[in-house]
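J.: Quick one, fold the following:
(chains A and B)
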Amino acid sequence: MTDPAAPVVEMRGISIEFPGVKALDGVDFRMFPGEVHSLMGENGAGKSTLIKALTGVYGIDGGTISLEGTHVAFGGPAQAQAAGISTVYQEVNLLPNLSVAENIMLGREPRRFGAIDWRAMRRRSAALLQGLNLDIDPGSLLGDHSLAVQQLIAIARAIDVNAKVLILDEPTSSLDSDEVAELFRVIRSLKEQGVAILFVSHFLDQVYEICDRLTVLRNGKLVGEYLVEELLRIDLVQKMIGKELTALDDLEQRARSVVVDESDAATFVHASKLGRRGGIQPADLPIAAGEVVGLAGLLGSGRTEFARLLGGIDRADTGELAILGRVTRLRTPRQAISHRIAFSSENRRDEGIVGDLTVRDNIVLALQADRGWFRPIPKKRQDELTQSYIQALNIRPANPDALVRNLSGGNQQKVLLARWLAIAPRLLILDEPTRGIDIGAKAEIQKLVFTLAENGMSVLFISAELEEVLRLSHRVVVLRDRRVVADLENDGLTVDALLALIADGSVEADDTLLAASVVASDAAPPAASAPLAPTDHAPGGRA
Amino acid sequence: MTNLLDAPERPKRPSRGGGAADRGIGPGSGNRPDAAGGSRVARIGSGIRSLLTSPKYGPVIVTAVLFVAVFVIGGVRYRGFFSGQVFLNLLVDNSYLIVLAVGMTFVILTGGIDLSVGAVVALSGMIAASLLQTGWSPAVVIPLILVLTSVLGLLVGLMIHVFKVQPFIATLAAMFLARGLCYVISQNSISITDPTFVQLAIARIPLGGNLSITPSVIIAVAVVAVAVWVLHATRFGRTVYAIGGGEQSGLLMGLPVARTKVLVYVISGFCSGLAGVLFTFYTLSGYPLTAVGTELDAIAAVVIGGTLLTGGYGFVLGSVLGVLVLGVIQTIITFEGTLSSWWTKIFIGALLLVFIILQKVLTARRR
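T.: Alright, predicted model coming up:
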């Protein structure tokens, strides 16, 4: 941040067009050695596109790119990498069928006499992993590790190239706070070595913690470049959104006022001792109509696994599920759908959208499947549906014929939501619906959840962001180590209290109000429930 | 930092080679070793189980066990089955199929398929027979065939890569082309009388103790050795696996995906040409209708040898085992004497089905 005279990367007037979408329009962007630079913007602002232009994945339709003063035009990521620009993408792009060592070293394996020197490769990758404080066997298959670990391996891979420029596209979206701290330690040491780092994240806290400079994009256009210390958060958000941000404040107000009328709220689903070996310990969960239940817990706490049982994705091997009082076995997602239970996966790319289909096809997919393929939805009805959801959810570009893979992450998420809303679900399970998307779209999705709940839909909401869970949920279920450790009314709950529960399952002593509302789950280990005041599951409330 | 490692506990032992033995990935995360370290037997037991359910090694091990089992059954049932020469004859009779399976392994590892290999075998036999008949020297004919079939493979590869044609369709087209060209050369069988070819056909290389092999076996073994080395120890080979694991990821990792994808079809073309030459050593003639359906034998051998049809997992040596399994079934049916040789096909079909189901079950178990 010393002398802005010699940027290592300088992009000028970059324009890129996709069929039907002007992704970038005359954008300038520069990076300085030894600086962490953040690229900020809403979904569809063009952040990912700009990164892919820099790394040669996309050819540019206009403008120039220079690296250390010389013009460059990379034909692909290999050339960019050779020139010292390496990237860790938002989605882990590694190879599950190869070993960890190979995933780190592939493309630049140490060789002896023309053959790959496996021993040297293992040694070097082990040293690299050790440098990241990761206890991973380099010989193990990548596919056997969790997504978070794979992400760290991807970063290890990027660090191994003697990078001048390191691009981290949403590296923290699947990391917990310890992992983030670890990543930041690595980023700082790389910064000291003079590496220019591009850090893209939707977590403002993280941006303000680690970044020196930021560039804001909006709708494919440059808004401006700022020093982080000179830009207030509220100003940054306004620049990103391009309008006064009142949506989130609105929500705060409504969250307090909307309370489920418990007297006539019927329980829609009631899971009793529902569990699956290796996934989630048997647990109870009633969800009333019109209720938003948040699942809070770390990655791997069993929150996704539990949701998958309710959505019929995985089969439960213990316990039972009652829908409107009738015990039902969900064997397939199809059965769940016919009971009007929709499950929207956290893995948008692989388990959500169909990239090669249009927005329209993606939206009508679930509805069509539910009707059966021999009763096609009339074209006119499809168009109406699509138009109404594009408008209601503000999907951009507002083109029903655009291929979904050309949409930004947030808009893909909205298409996915539209698909499930089209079947008019009575229980909507949203697993990390706001991960990796910007504040604007986040607020829209949160608002939508409210409206849906007000109209009587039950929502099971999973998010790594506790603030979000608290803002939206009427009730919060806390999971840890594949167990439900608490089931709390969201009445004066705080993030700190939730964190304490997630961390060690105990509620702080001074928070008596909280402790009283904790429902001791049968499945909770005795040690964890000991400090709680075990109250009976009040049947009058919800059951 | 270790708590983020969701992956199950793995025993720490120094690893060697692929590190197969120490990949203690149990299907459940619950099997943490006790403070005492767990019992040794249990550890070995779970080690074997994880090896068997590994998508990488499981199917190959099953095939190896199957081969040994069938061989032992044959040895128990028939006199004279349990001899070294019976085993060596498996190689002698199937050397061309081994070479074909090697090429096919490269293609299938990338997630592709090559249906043209059988027709290319016939075509190279026809080219050899007709050129030798007009007096060309084998020293010219054999290299020419290898170049021509490699070029055909190159064209197929380019078609797949540049025009994004499905490998199934592109190689189907190449299959019809090659088969058609056979008839253009001649509608009838052409016998080969060239002394070099005849010499290669009848030559026996003694291994001592009444055992012998043919030059074709040496060539096939050499091809296998080179293929193992290429796949295991070169960047090209690892890129082949990478494409099977995820083409898009490979691209983003900066690997030469395009070049590699084209090259595997060149390799398959080359192997088909070479297999054709080996086949003419075996039959001493060229005939347009030879090797009909051989591509399917090669695919069956590769799949039985443990290569996943979707790519990414598999070994050349597994494919060799696959060929040997097919060969040993054929031999048993010959020894049985009363069964028609078409029973081989039925057994192969059944075996293939079992193997594909086995692959599914084994890999699903890990989830």
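J.: Show me the strands in the stretch 351-500 of chain A, by range?
T.: With DSSP state E, counting those that start in this stretch as the criterion, the stretch 351-500 of chain A has strands at A:427-431, A:458-462, A:475-480, A:483-489.
J.: which intervals of the stretch 51-200 of chain B have sub-threshold pLDDT?
T.: B:51-55 (pLDDT under 70).
J.: Quick one: residues contacting residue B:308.
T.: Contacts for residue B:308 were tallied using C-beta atoms under 8 Å, 6 or more residues apart in numbering or on different chains; they are B:55, B:108, B:244, B:314, B:359. Heads up, the C-betas are built off the backbone N, CA and C, glycines and all.
J.: before we move on, which element is the second one in?
T.: This points to residue B:108. Using DSSP states H and E, residue B:108 maps to helix B:84-109.
J.: for that helix, which positions count as buried?
T.: B:86-109 (16 or more other C-beta atoms under 10 Å in any protein chain shown).
J.: For residue A:440, give its distance to chain B.
T.: 28 Å (C-beta to the nearest C-beta, to the nearest Å).
J.: for residue A:389, same thing?
T.: According to C-beta to the nearest C-beta, residue A:389 and chain B sit 28 Å apart.
J.: Go ahead and confirm that residue touches residue A:411.
T.: No: assessed by C-beta atoms under 8 Å, residue A:389 is found out of contact with residue A:411, at 11.6 Å.
J.: For burial, what's the neighbour tally of residue A:30?
T.: 18 (other C-beta atoms under 10 Å in any protein chain shown).
J.: Next, count neighbours for residue A:426.
T.: Around residue A:426 there are 19 other residues, counting by other C-beta under 10 Å.
J.: For residue A:36, give me its contacts.
T.: A:187, A:191, A:197, A:199, A:210-213.
J.: run the last query once more with 10 Å
T.: Counting by C-beta atoms under 10 Å, 6 or more residues apart in numbering or on different chains, residue A:36 touches A:1, A:166, A:168, A:184, A:187-188, A:190-191, A:195-199, A:207, A:209-214, A:228.
J.: One more: residue A:318?
T.: Counted by C-beta under 10 Å, 6+ apart, residue A:318 has contacts A:272-277, A:280-283.
J.: check contacts around residue 228.
T.: Going with chain A. A:1, A:36-38, A:207-214, A:236 are the contacts of residue A:228 under C-beta under 10 Å, 6+ apart.
J.: oops, I was thinking of chain B
T.: Contacts of residue B:228 (C-beta under 10 Å, 6+ apart): B:102, B:237, B:315-317, B:320.
J.: and if you look at residue A:23?
T.: The neighbours of residue A:23, taking C-beta under 10 Å, 6+ apart as the test, are A:14-17, A:44-46, A:48-50, A:52-53, A:58, A:61, A:219-220, A:406, A:408.
J.: go with 6 Å
T.: A:16, A:46, A:49, A:220 (C-beta atoms under 6 Å, 6 or more residues apart in numbering or on different chains).
J.: which residue does the stretch 301-450 of chain A bring closest to chain B?
T.: residue A:314 (9.5 Å; C-beta to the nearest C-beta).
J.: Which of the three states applies to that residue?
T.: With DSSP: H, G, I helix; E, B strand; the rest coil as the basis, residue A:314 sits in coil.
J.: just residue A:199 next, same as before
T.: Per three-state DSSP, residue A:199 ends up strand.
J.: wait, it sits on residue A:38?
T.: Yes: if you go by C-beta atoms under 6 Å, residue A:199 and residue A:38 touch, sitting 5.2 Å apart.
J.: So for these two, which residues contact both of them?
T.: Common neighbours of residue A:199 and residue A:38 (C-beta under 6 Å, 6+ apart) are residue A:211.
J.: hang on, residue A:285 is in a strand, isn't it?
T.: Yes: counting by three-state DSSP, residue A:285 falls inside a strand.
J.: need the contact list for it.
T.: Counting by C-beta under 6 Å, 6+ apart, residue A:285 has contacts residue A:271.
J.: what do you get for residue A:8?
T.: Listed by C-beta under 6 Å, 6+ apart, the contact set of residue A:8 reads A:31, A:33, A:68, A:164, A:196.
J.: 10 Å instead?
T.: A:30-35, A:66-69, A:84-85, A:164-165, A:194-196.
J.: Can you pull the phi and psi angles for it?
T.: phi -80, psi -30 (degrees, to the nearest 10).
J.: So what's the residue count around residue B:248?
T.: Residues near residue B:248, counting by other C-beta under 10 Å: 11.
J.: secondary structure element for it?
T.: Using DSSP H and E, residue B:248 falls within helix B:247-252.
J.: Let me see the mean pLDDT of that helix.
T.: For helix B:247-252, the mean pLDDT works out to 84.
J.: right, is the helix or strand just after that helix up against chain A?
T.: Sequence-wise, the next helix or strand downstream of helix B:247-252 (DSSP H and E) is helix B:257-283. Yes: residues of helix B:257-283 contacting chain A under C-beta under 10 Å from any C-beta of the partner chain: B:257-258.
J.: Residue A:121 is in contact with residue A:105, isn't it?
T.: Yes: taking contacts as C-beta atoms under 10 Å, residue A:121 lies within contact range of residue A:105: 5.1 Å.
J.: returning to that earlier point: quick one: the residue of the stretch 301-450 of chain A closest to chain B and residue A:336 touch, right?
T.: No: if you go by C-beta under 10 Å, residue A:314 and residue A:336 don't touch, sitting 11.0 Å apart.
J.: can you list the domains in chain A?
T.: If you go by automatic domain parsing, the domain ranges for chain A are A:9-242, A:248-340+A:425-529, A:355-424.
J.: I'd like the distance from the shortest one to the chain centre, please.
T.: It stands for domain A:355-424. Distance of domain A:355-424 from the chain centroid (C-alpha atoms, centre = their mean, to the nearest Å) equals 21 Å.
J.: Residue B:170 - how many residues pack around it?
T.: With other C-beta under 10 Å as criterion, residue B:170 counts 25.
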